[in-house]
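Asker: How does the following fold in three dimensions:
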Amino acid sequence: MKVIQAIYNFIVGDMVILIGITLAVTILALINNVGVLAPLKGFSGPFLVMAVLASLVATLSREAFSSHR
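Answerer: Numbers count the residues shown, from 1 in each chain. Down below sits the predicted model:
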C-alpha cells in the first residue's frame, strides 16, 4: 500500500487533480466515441485546457485558503 501511495503522490500529488483530469479524459473519450456528440469534437481542445486549468485552480484555491498554513 505504501508503494502505491508513494507512486500516487509522485505522479499526481492531489486527489482533486486526479479526479479533474480523469473526468476530463472520460468526457473527451465520450465526445470522440459517441456519434451523437460528434459535433462537439471541435470543442475538445479548449475543453481539455479549461478542465485542466479548473482542476489546478481548485487545488490551488484549496491550498491557499486552508487553515493549515
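
Asker: Let me know the secondary structure of the residue sitting nearest the centre point of the chain.
Answerer: In the chain, the C-alpha nearest the mean C-alpha coordinate belongs to Ile21, at 1.9 Å (CA atoms, centre = their mean). At Ile21 the chain is in helix, as set by DSSP: H, G, I helix; E, B strand; the rest coil.

Asker: heads up, I number from 470, so please use that
Answerer: Happy to do that; since the first residue is 470 now, the last one works out to Ile490.

Asker: wouldn't it be in contact with Ala520 here?
Answerer: Yes - in this structure, Ile490 is within contact of Ala520 by CB atoms under 8 Å, at 7.4 Å. Yep, even glycine has a C-beta here, placed from its N, CA and C like the rest.

Asker: Report pLDDT for the residue nearest to the centre of the chain.
Answerer: With respect to pLDDT, Ile490 scores 90.

Asker: try Arg538
Answerer: pLDDT, read off for Arg538, is 59.

Asker: Name the next helix or strand downstream of the helix or strand where Val494 lies, please.
Answerer: Assigned by DSSP states H and E, Val494 falls within helix 484-502. Note on helix 484-502: by DSSP H and E, the next helix or strand toward the C-terminus is helix 513-533.

Asker: and that following helix, what's its mean pLDDT?
Answerer: Helix 513-533 comes out at a mean pLDDT of 90.

Asker: Tell me which residues are up against that helix.
Answerer: When contacts are defined by CB atoms under 8 Å, 6 or more residues apart in numbering, helix 513-533 is touched by residues 483, 485-486, 488-490, 492-493, 496-497, 500-501, 509.
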